[in-house]
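J.: got a predicted structure plus its sequence, pasted below:
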Amino acid sequence: QRQARLLDRAGNALPIAVNLAEKPGAILAADLVLGPLGPGDYLIELTVTGPAGSTRQLVAIRVQNN
């Protein structure tokens, strides 16, 4: 089972859906709409659960205005 969510800088979950898709070569892609976000630092939290237990991975992203 795979689950992803968007977190703010403090680690609080945000109400923006993160959709996961598996790409060839066992690559997992996260798709989300960045439009509602203001400039700042965010985290995508990925949790994978299987027979051996759970693994949690954090990916940092930065949204900027240009």
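T.: Noted; the coordinates are in hand.

J.: and the contacts of stretch 6-18?
T.: Under the criterion Cβ atoms under 8 Å, 6 or more residues apart in numbering, residues 4-5, 30-33, 36-37, 40-45, 58 lie in contact with stretch 6-18. Placement of C-beta: from N, CA and C, glycine included.

J.: and that stretch, how far out from the chain middle?
T.: 8 Å (Cα atoms, centre = their mean, to the nearest Å).

J.: just the endpoints, please. Distance across that stretch?
T.: End-to-end distance for stretch 6-18: 7 Å, by Cα to Cα, to the nearest Å.

J.: biggest separation within the contacts of stretch 6-18, which pair?
T.: Of all pairs drawn from those, the greatest distance, 20.7 Å, lies between Pro36 and Leu58 (Cβ to Cβ).

J.: distance of the residue nearest to Glu22 when sequence neighbours are not counted from Gly40?
T.: Nearest non-adjacent residue to Glu22, counting by Cβ to Cβ, 6 or more residues apart in numbering: Leu28, 5.8 Å away. Here Leu28 is placed at a distance of 24 Å from Gly40 (Cβ to Cβ, to the nearest Å).
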